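Colleague: Show me how the following folds:
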Amino acid sequence: MICVVHAHPYPSRSRVNRALADALSTLSDVDLRTLYALYPDFDIDVAAEQKALARAELVVWMHPLYWYSVPSLLKHWMDKVLEFGWAYGDGAGALAGKSCLWVPTAGGSAAAFTPDGLHAHPFASFVPPIEQTARFCGMRWEPPHVVLEADDVDATRLSDIVTGTLQRLEGWRAPVRATGEIPP
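Modeller: Model (predicted):
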């Protein structure tokens, strides 16, 4: 089971996130948790979210990059759902050993994420807080599946992005199906 935590505050304005969510929602082993649809008032059902995570072998955090981080509802979700005693801390371990894949989208190009570019840092500079969140909860960090130039994609590139993301998930699932175990 794959649990996709999708957090886009304006899904109708995002061709990439909307296309990814639509494609993922068709897969039988995916639980797509569209946070802004589920919790428009930010009143998160912690028990339901923890139950969804507990069933998963792979947790996917999918969202647009907002101020070099996650959108506000996803941050709130992390604060509430990944709580002490359940996700981390003494006796906790609900997420230990699960894999975590980060799928951020950003409008900037690869050139924008360079020392001389608009953002003055490589995209990798913005990964550590998200990676450490997963690792702090005992999850296995998968290399992120970053989608750049998400604001300006044509139909061909959009199809390639969706196909590439589905292939990335299939690449994770293949060893699980073959061995019955989550890859290290």
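Colleague: host element of I161?
Modeller: Applying DSSP states H and E as the criterion places I161 in helix 155-179.
Colleague: Counting by contacts, list what that helix packs against.
Modeller: Secondary-structure packing of helix 155-179 (3 or more CB pairs under 8 Å, 6 or more residues apart in numbering; DSSP states H and E): helix 15-25, strand 58-64, strand 99-105. Placement of C-beta: from N, CA and C, glycine included.
Colleague: For the last one, output the C-alpha coordinates as CSV.
Modeller: Think strand 99-105. Extracted in CSV, the C-alpha atoms of strand 99-105 (Å, rounded to 0.1, in the frame of the first residue of the first chain):
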residue,chain,number,x,y,z
SER,A,99,9.8,4.3,3.0
CYS,A,100,9.2,8.0,2.3
LEU,A,101,9.3,9.6,-1.1
TRP,A,102,9.1,13.4,-1.5
VAL,A,103,7.6,14.7,-4.7
PRO,A,104,7.8,18.5,-4.7
THR,A,105,7.0,20.6,-7.7
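Colleague: Let me see the contact set for the spatially most central residue of the chain.
Modeller: Closest residue to the average C-alpha location of the chain: W61 at 1.5 Å, with CA atoms, centre = their mean. Residues near W61 by CB atoms under 8 Å, 6 or more residues apart in numbering: 5, 7, 70, 74, 100-104, 130.
Colleague: Try it again at 6 Å.
Modeller: Contact partners of W61, counting by CB atoms under 6 Å, 6 or more residues apart in numbering, are 5, 102.
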